[in-house]
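Visitor: need the 3D shape of this:
(2 chains)
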Amino acid sequence: GEDVEQSLFLSVREGDSSVINCTYTDSSSTYLYWYKQEPGAGLQLLTYIFSNMDMKQDQRLTVLLNKKDKHLSLRIADTQTGDSAIYFCAEKEGGFKTIFGAGTRLFVKA
Amino acid sequence: DTGVSQNPRHKITKRGQNVTFRCDPISEHNRLYWYRQTLGQGPEFLTYFQNEAQLEKSRLLSDRFSAERPKGSFSTLEIQRTEQGDSAMYLCASSPVWDSEATNEKLFFGSGTQLSVL
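Guide: Numbering: from 1, shown residues only, chains lettered A, B, ... in the order given. All right, here's what the predicted structure looks like:
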């Protein structure tokens, strides 16, 4: 079945890089996503990657995809206190349903 | 356009009461989703509308839950005879995808309705 797993917590110092990891089970996933949720708010799409790509860079964000191992990662360069939030990995196959992981809580220490 | 709007933001109710939530999607977004999120978890899919048609319902959606999108614009989610286990954040999301075969779908979420059942 469909399942997305993430580590629950990550703590980094301001200015360091953050790497959030995710594994998924559905090999037919065509798109994989990273969403961000701040306290009391809904989810906001950060970036996405198509399954035939290995890497995608978008300003401070770098997404790496290892399709063989079904492993996705999000690297945030020069992490700021404003990056403190919950980051959700999500996968989507064909059709309509997007499946979310439980989220990784990123704490950024000043 | 101010994004996806959900009302109310918070709802406290007693067990056994009925509650109704409203979602106003981004205008012209034809797809609308309801998700439920509990503390420490990611959003779980509940149901999906393509325009006014409800095309899929999760097994999580018991008979006490009903959702409508009568004119293909706003949507309501009603929970009858609420139970303490219904306490959660109910999230609405919309998407501008028109092609039923499209696989890249960016979801735009509202801020959610936090339901507490006492």
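
Visitor: which residues of chain A lie near chain B?
Guide: By CB under 8 Å from any CB of the partner chain, the part of chain A that sits against chain B consists of A:4, A:8, A:30-31, A:33, A:35, A:40-45, A:48, A:50, A:88, A:90, A:92-94, A:96-103. Bear in mind the C-beta positions are built from the backbone N, C-alpha and C, glycine included.

Visitor: which SS class is the residue nearest the centre of chain B?
Guide: Central residue of chain B (CA atoms, centre = their mean): residue B:34, 2.6 Å from the mean position. What DSSP: H, G, I helix; E, B strand; the rest coil gives for residue B:34 is strand.

Visitor: contact partners for it?
Guide: Counting by CB atoms under 8 Å, 6 or more residues apart in numbering or on different chains, residue B:34 touches B:23, B:46-48, B:67, B:75, B:77, B:90-92.

Visitor: for it, which non-adjacent residue is spatially closest?
Guide: residue B:46 (4.3 Å; CB to CB, 6 or more residues apart in numbering or on different chains).

Visitor: likewise residue A:60?
Guide: residue A:77 (4.5 Å).

Visitor: again, but for residue A:70
Guide: Of all residues not flanking residue A:70 in the chain, residue A:24 sits nearest, at 5.1 Å (CB to CB, 6+ apart).

Visitor: and the worst-scoring helix or strand of chain B on mean pLDDT, how far out from the chain's middle?
Guide: Least confident helix or strand, chain B: strand B:53-57 with a mean of 90, by mean pLDDT, DSSP states H and E. Its chain's average C-alpha position is 12 Å from that of strand B:53-57, according to CA atoms, centre = their mean, to the nearest Å.

Visitor: strand partners (parallel or antiparallel) of that strand?
Guide: strand B:44-50 (antiparallel) (DSSP bridges).

Visitor: one step back: hey, what's the residue nearest to the centre of chain B bridged with?
Guide: Applying DSSP bridges, one finds that residue B:34 bridges with residue B:47, residue B:92.

Visitor: ok, which stretches of chain B are helices?
Guide: Shown for chain B, no helices are assigned by DSSP state H.

Visitor: can you pull out the strands in it?
Guide: B:5-7, B:10-13, B:19-24, B:31-37, B:44-50, B:53-57, B:65-68, B:75-79, B:88-95, B:108-109, B:113-117 (DSSP state E).

Visitor: now the weakest link among those strands, please, by mean pLDDT.
Guide: If you rank the strands of chain B by mean pLDDT, strand B:53-57 sits at the bottom with a mean of 90.

Visitor: tell me which residues in that strand are buried?
Guide: residue B:54 (16 or more other CB atoms under 10 Å in any protein chain shown).

Visitor: and the angle from it to strand B:31-37?
Guide: With axes from the mean of the first three to the mean of the last three CA atoms, to 10 degrees as the basis, strand B:53-57 and strand B:31-37 are set at 30 degrees to each other.

Visitor: what's strand B:53-57 in contact with?
Guide: Residues contacting strand B:53-57 (CB under 8 Å, 6+ apart): A:96-97, B:46-49, B:67-69.

Visitor: ok, and the closest non-adjacent residue to residue B:65?
Guide: Using CB to CB, 6+ apart, the nearest residue to residue B:65 is residue B:79, at 5.6 Å.

Visitor: ok, that neighbour - contacts?
Guide: Contacts of residue B:79 by CB under 8 Å, 6+ apart are B:18-20, B:64-65, B:86, B:115.

Visitor: okay if I get the residues you listed as TSV plus distance to residue B:96?
Guide: Output for the contacts of residue B:79, formatted as TSV (distance: CB to CB, whole Å):
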residue	distance to residue B:96
B:18	32
B:19	29
B:20	26
B:64	31
B:65	26
B:86	30
B:115	28
